[in-house]
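Participant: no sequence on this one, just coordinates:
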């Protein structure tokens, strides 16, 4: 059935009003940045069941019985998933296999709008090692915060890695064992991450000399030989717990301190009772190597810990109530939609029932207007 133009236009207007505006905005420099969508709960995602619409895809992650696969097969490939939600302190746990290959980087990154950052990275040239790192406010003038940790079989075995982040300390664990702890007072000055974080995960070719500066290629232990690929990072499951509650996280000033963050309709640390019981024994990792593995050229690892996808693929979202050209990185989940414990954003039953009523109202209005016009002409 052909829909009259006026009804189609009305539906378009409804879709447009539901869409969120988006702008990349650093709250350290502006007071008008949009608020962050708050997770405010715990989710457990099993990628063997397919994609979830609480993450935006860049490049082409694929899904199968082993979960999500992030394949780097050519220059410019950087498949990744970026969460549409943020956490304000919390716990992230991922079960995965890192990608092999010289210069290939598998990354799990927490990053805020003011460029606080917590990283876990795996360099494909060494299957028995991982790297942890942190940055604050985008200050990357020095790269002395990274540590390397011996972890056997990162590319062949399913291993569970976790970051537990509070206002007082960050703990990185591997299969439940602590490999590093950073206390707030031990962080570099003004470098402790403490603002709402978005989660990013994926693989990219830091060793791609055609696209990256020499410092990044050297840090990634490249160059990358794509003829030896493709190179695949696999993620089986992901569990995320937000230690705060609410619908949005809003910066009240430009200080970048955790005390300046407002949890709209909730409370910062309001879910602190859900904090994971992390062992207090602190392991120490090796500092960034000073020999051939050290980054001597600047810049090294890019801010955000990820390369930009340069493949022909476009950003994709499925089932989310915003249009794809306006990624919903600000605001809250709109009325009538909700997050499930499996990380899917679904329409509530009441909202689904209301939609046909809205369309029926539009049809009725259109018919009434048409009838009035006809009667006027008849008279």
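Facilitator: Looks like it arrived, so ask away. Since the structure is predicted, the reported quantities are computational estimates derived from the model, not experimental observations.
Participant: Now do residue 212: how many residues are near it, please.
Facilitator: 24 (other C-beta atoms under 10 Å). Every residue, glycine included, has its C-beta placed from N, CA and C.
Participant: any idea how far it lies from residue 218?
Facilitator: 10 Å (C-beta to C-beta, to the nearest Å).
Participant: again, but for residue 178
Facilitator: Residue 178 is 29 Å from residue 218, by C-beta to C-beta.
Participant: ditto for residue 206
Facilitator: Note on residue 206: its distance to residue 218, by C-beta to C-beta, is 9 Å.
Participant: Looking at these two, which is more packed in?
Facilitator: Taking other C-beta under 10 Å, residue 206 and residue 218 do not tie; residue 206 has more neighbours (31 against 21).
Participant: wait, what's in contact with the more buried one?
Facilitator: Residues near residue 206 by C-beta atoms under 8 Å, 6 or more residues apart in numbering: 103-105, 123, 212, 216-217, 219-220, 222, 224, 301, 307.
Participant: got the phi/psi numbers for it?
Facilitator: For residue 206, the backbone dihedrals (degrees, to the nearest 10) come out as phi -70, psi -20.
Participant: Setting aside sequence neighbours, what's the nearest residue to it?
Facilitator: Computed as C-beta to C-beta, 6 or more residues apart in numbering, the closest residue to residue 206 that is not its neighbour in sequence is residue 220, at 2.9 Å.
Participant: now the strands: where do they sit in the stretch 1-150 of the chain?
Facilitator: 36-37, 42-46, 55-58, 62-64, 67-72, 80-87, 90-97, 104-112, 117-123, 129-135, 147-150 (DSSP state E, counting those that start in this stretch).
Participant: what's the fifth one in contact with?
Facilitator: So the one you mean is strand 67-72. 46-48, 51, 59-63, 77-81, 99, 101, 104, 106, 201-205, 229-237.
Participant: can you do 6 Å?
Facilitator: By C-beta atoms under 6 Å, 6 or more residues apart in numbering, the residues outside strand 67-72 that reach it are 47-48, 61-62, 79, 104, 202-203, 205, 230-236.
Participant: same check, this time on the fourth one
Facilitator: Residues from elsewhere that reach strand 62-64, judged by C-beta under 6 Å, 6+ apart: 47, 50, 51, 69.
Participant: taking the contacts of strand 67-72 one by one, which sit in helices?
Facilitator: Of the contacts of strand 67-72, none are assigned to helices by DSSP state H.
Participant: Buried ones among the residues you listed?
Facilitator: Buried positions within these, assessed by neighbour count (16 or more other C-beta atoms under 10 Å), are 47, 61, 79, 104, 202-203, 205, 231-236.
Participant: Pick out whichever of those residues sits closest to residue 154.
Facilitator: For the buried ones among the contacts of strand 67-72, the closest approach to residue 154 (C-beta to C-beta) belongs to residue 233, at 10.3 Å.
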